[in-house]
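**Q** Need a 3D model of the following:
(chains A and B)
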Amino acid sequence: METVDLKFIDSVLEKHGGDKAKIIAIMQDVQEEYRYLPQEALEYIAKKVGMSESKLYGVATFYGNFSLDAKGKYVMKVCRGTACHVRKSSSILQALYDATGTNEHKPTSDDGLFTLEIVSCLGACGLSPVVMVNDMVHAAMTPEKARALVEQLREEA
Amino acid sequence: MVEKKMIIDGIECPFTDERNVLEVARRNGIDIPSLCYCENLSIYGGCRLCLVENEKGVMDAACSMKPKNGLVVNTHTKKVLESRRTTLQLLMSSHRAECLTCDQSGSCKLQEYAHRYNVSEPRFEENTYARLPLDVSSPCITRDPSKCILCGLCVRMCAEVQNIGAIDFTKRGKRAVVAPGFGKMLIDTGCVGCGQCAAVCPTGAITINRQIPEMWRMLNDPNKRVVVQYAPSVRVGLAEQFGLPATEPITGKLVTALRRLGVDVVYDTNLTADLTIMEESAEFLEKVKTGAKLPMFTSCCPGWIQHVEKAHPHLMPQVSTCGSPMEMFGALIRQQFKDEDVYSVAIMPCTAKKFEAQRPELEKDGKRLIDLVLTTDELGKLIKAAGIDFKNLPDSEPDSPLGDYTGAGVIFGVTGGVTEAVIRRVLDDASPETLKTIAECGVRGLEGIKAFEVTAGDLKLKIAVANGLGNADKLIAKVESGEEYFDFIEVMACPNGCIGGGGQPPASNARKAERCQAIFKADENCELKIPQQNPALDYVYDELLKGRAHELLHIHYPLHGHH
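**A** Numbers count the residues shown, from 1 in each chain, chains lettered A, B, ... in the order given. Purely as a prediction, here's the structure:
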């Protein structure tokens, strides 16, 4: 696990004026840097903005977009919305689980490369079934394409 | 001004500044059920049990409805009753009901309403309660998420009144649970064990740790000499458990009940409240004389001590080193019964005392000063279990030679009491005029923060009194910013002081006001008013403490620093 650079957290807090009303924006910035919210960072932020740890943890765990677990280098969002579902996104999900060595209860691969997330809709139903890897959308997926994608990302890493 | 009225269930209900329809109804003798509302906390409107129906057939929560002149609502229409039943069934479908063995059974509001609204069987088959382990990390309270109905009263109490926020709503939807952050245990949070969360919990999701079986074991052990002390506030909290008003003087019955339980020696903590004042006022005057950093903070309240340690560690050197009255009596008991196998028990209005008693600093000569702390509530249960007809007990007196006390000790039970006792000691004048002047100097009353000035000889003292840790924090902020200056600050962690302690039977504000009255009544009934009049003190200092007063009566917690 990476260690948290408190100077970076300070810079984020400064950017938002240390205002607890902007706690979500603060956490978004921290998550962008670490790809998740390290506990150490949240405890530090709670103290700095004058919010109880439990309250901040409550906000962080309320929103699905925030993660308190370290994520892989590639976060794969597999859409299981209606349109993707009818175009067999379940088989794509299974192919990705198998190819990355992850499952429903263990979303991050042992090598720390991949994290699989199930999302309800990415708003790209016309391109279904869709998988999003970090900021990149992969359209009209098939299990074969999914496996190839994993291979390709492994090589790039 | 025109009198404002609303019509509830066809009854004209006058109102003034009530914050919602729920309060108007209750003040007019109509009990609308609610699980998430408390008069001292912000309004949440989450439990939906207090729904009432208006003339148009629209239902809304009475806790979130502003009273309006001419407003008409009904509290038990067919629609309302059906809605309430459904709400209760839904709550029960995710509540682990083990009512036979639950500590809250009998005082559980969910249980009460389930009976009241005839919810006879579960409507939803699979119970989806939170399958999470108990949090037994705190020596004071236990958290059981499987019984939590997410009313949020504890969350608001801890954040709004105590300014701690040890627990909050975490996660979401069916996974939502009230818990500390990051899966921590209570002991690793800012929790000070004040028990106010348990006092407002409508179910058994947060309960006070009970140690009644331990007490029975000791009472039934012929080799143990069980010595019990009871705190000032116990006498105004216990009566309610036997259907008596708080103002009923029951101290004599309390002593008799303890003896009938098999207690060998009974003492009134009031004596060491007097002793605390002797020590604390000497410490304070010394600090004033030597120009030590002021304000000096009081030290009787274990919740406050922990709060300083956890939230304001740098202030600890300014906290008095006097042990609490409980600690001091513990020390006297060990000296009085030196070589005997004594089991030292304290009956307290307080849950944090359970923590205090087990602190290593409360060991002297290698022995714990207090072996067990029971709350007022636990004592009531013990008396009932022994089949004692409390109401009709004759009176008796605590044992001598440590049985004497003055009114200054009694008033420790209410916010401002310690300060008033200190002033009585410092002015050193027991005349009715002086006592009246002290009583009217601003020290009395249940306000959260009181500030006033007292002149003692050529000393002009600025004093503040806070109850509830949120109020203490506000006061500290003012002192630290330089906005205000005080020489002496009294803090009690629980709202209204020990009369409203977490170990007392939970009570409304009106009930707490009665307890406050009862404390001052008990003071009036004492012949002696100022601590230095206590005839037992000579015996305490000369025979028991024999030059070890400072060693045995003062507690140096690590953060007190070097002395």
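**Q** Please determine whether stretch B:201-209 lies in contact with chain A.
**A** No: Stretch B:201-209 lies out of reach of chain A by CB under 8 Å from any CB of the partner chain, never closer than 14.0 Å. No exception for glycine: its C-beta is placed from N, CA and C like everyone else's.
**Q** So the closest residue to B:Ile206 other than its chain neighbours versus B:Tyr129, what's the distance?
**A** Using CB to CB, 6 or more residues apart in numbering or on different chains and skipping residues adjacent in sequence, the residue nearest B:Ile206 is B:Ala198, 4.5 Å away. For B:Ala198, the distance to B:Tyr129 under the criterion CB to CB, to the nearest Å works out to 19 Å.
**Q** same check, this time on A:Gly17
**A** Shown here: A:Gly17 relative to B:Tyr129, a distance of 42 Å by CB to CB.
**Q** more neighbours, those two?
**A** B:Tyr129 (17 against 11; other CB atoms under 10 Å in any protein chain shown).
**Q** Identify the residues contacting that one.
**A** Applying CB atoms under 8 Å, 6 or more residues apart in numbering or on different chains, we find B:Tyr129 in contact with B:Ser94, B:His95, B:Arg96, B:Ser146, B:Lys147.
**Q** switch the cut-off to 6 Å
**A** Under the criterion of CB atoms under 6 Å, 6 or more residues apart in numbering or on different chains, the neighbours of B:Tyr129 are B:Ser94, B:His95, B:Arg96, B:Ser146.
**Q** Quickly name whichever of those is closest to B:Lys364.
**A** Ranking the contacts of B:Tyr129 by separation from B:Lys364, with CB to CB as the measure, puts B:Ser146 on top at 41.1 Å.
**Q** Look at B:Asp339 and tell me its secondary structure.
**A** coil (DSSP: H, G, I helix; E, B strand; the rest coil).
**Q** Wait, B:Ile43 touches B:Ala61, no?
**A** No: between B:Ile43 and B:Ala61 there is no contact under CB atoms under 6 Å: 8.8 Å.
**Q** Those two - which one has more neighbours?
**A** More neighbours surround B:Ala61 than the other of B:Ile43 and B:Ala61, with 23 against 16 (other CB under 10 Å).
**Q** Next one: that one, what pLDDT does it get?
**A** Note for B:Ala61: predicted pLDDT of 98.
**Q** That one: what's it in contact with?
**A** Residues touching B:Ala61, when contacts are defined by CB under 6 Å, 6+ apart, comprise B:Gly45, B:Cys50, B:Leu51.
**Q** Could you find the closest non-adjacent residue to it?
**A** Take B:Ala61 and drop its neighbours on the chain: the residue closest to it by CB to CB, 6+ apart is B:Gly45, 4.8 Å away.
**Q** how much space between the one you found and chain A?
**A** For B:Gly45, the distance to chain A equals 18 Å [CB to the nearest CB, to the nearest Å].
**Q** cool, and B:Cys158?
**A** With distances defined as CB to the nearest CB, the gap from B:Cys158 to chain A amounts to 8 Å.
**Q** Count the residues that sit near that residue.
**A** Here the count is done by other CB under 10 Å, and B:Cys158 has 28 residues near it.
**Q** Help me confirm that B:Glu126 is found in a strand?
**A** No: with the criterion set as three-state DSSP, the secondary structure at B:Glu126 is coil rather than a strand.
**Q** Kindly provide the distance from it to chain A.
**A** Here the distance between B:Glu126 and chain A works out to 21 Å (CB to the nearest CB).
**Q** Disregarding residues adjacent in the polypeptide, which is nearest to the residue of chain A found nearest chain B?
**A** Using CB to the nearest CB, the closest approach of chain A to chain B is made by A:Ser52 at 2.7 Å. The spatially closest residue to A:Ser52, leaving aside those adjacent along the chain, is B:Gly165, at 2.7 Å (CB to CB, 6+ apart).
**Q** returning to that earlier point: hang on, the residue nearest to B:Ala61 packs against B:Ala62?
**A** No: using CB under 6 Å, B:Gly45 is not in contact with B:Ala62; the gap is 9.6 Å.
**Q** Among the contacts of B:Tyr129, which lie within strands?
**A** Taking DSSP state E, every one of those sits outside strands.
**Q** Turn these into CSV, including pLDDT, distance to B:Lys529 and neighbour count.
**A** Shown next, in CSV, are the contacts of B:Tyr129 (pLDDT from 0 to 100; distance: CB to CB, whole Å; neighbours: other CB atoms under 10 Å in any protein chain shown):
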residue, pLDDT, distance to B:Lys529, neighbour count
B:Ser94, 93, 55, 18
B:His95, 95, 51, 25
B:Arg96, 94, 52, 18
B:Ser146, 96, 51, 19
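**Q** give the contact list for residue 79.
**A** Since you didn't name a chain, this refers to chain A. A:Cys79 sits in contact with A:Val119, A:Leu122, A:Val130, where contact means CB under 6 Å, 6+ apart.
**Q** not quite, I wanted chain B
**A** Contact analysis of B:Lys79 by CB under 6 Å, 6+ apart lists B:Glu53.
**Q** let's see 7 Å
**A** If a contact means CB atoms under 7 Å, 6 or more residues apart in numbering or on different chains, then B:Lys79 has B:Glu53, B:Met59 as its contacts.
**Q** Who has more neighbours out of B:Gly45 and B:Ala62?
**A** For the pair B:Gly45 and B:Ala62, the greater number of neighbours falls to B:Ala62 (27 against 16), based on other CB under 10 Å.
**Q** residues in chain A within reach of chain B, list them.
**A** Taking CB under 7 Å from any CB of the partner chain, the part of chain A that reaches chain B is made up of A:Gln39, A:Ser52, A:Glu53, A:Ser54, A:Lys55, A:Leu56, A:Tyr57, A:Gly58, A:Thr61, A:Phe62.
**Q** and the residue nearest to the first one when sequence neighbours are not counted, how many neighbours does it have?
**A** Nearest residue to A:Gln39 in three dimensions, chain neighbours excluded: B:Phe182, at 5.3 Å (CB to CB, 6+ apart). Other residues within reach of B:Phe182, judged by other CB under 10 Å, total 18.
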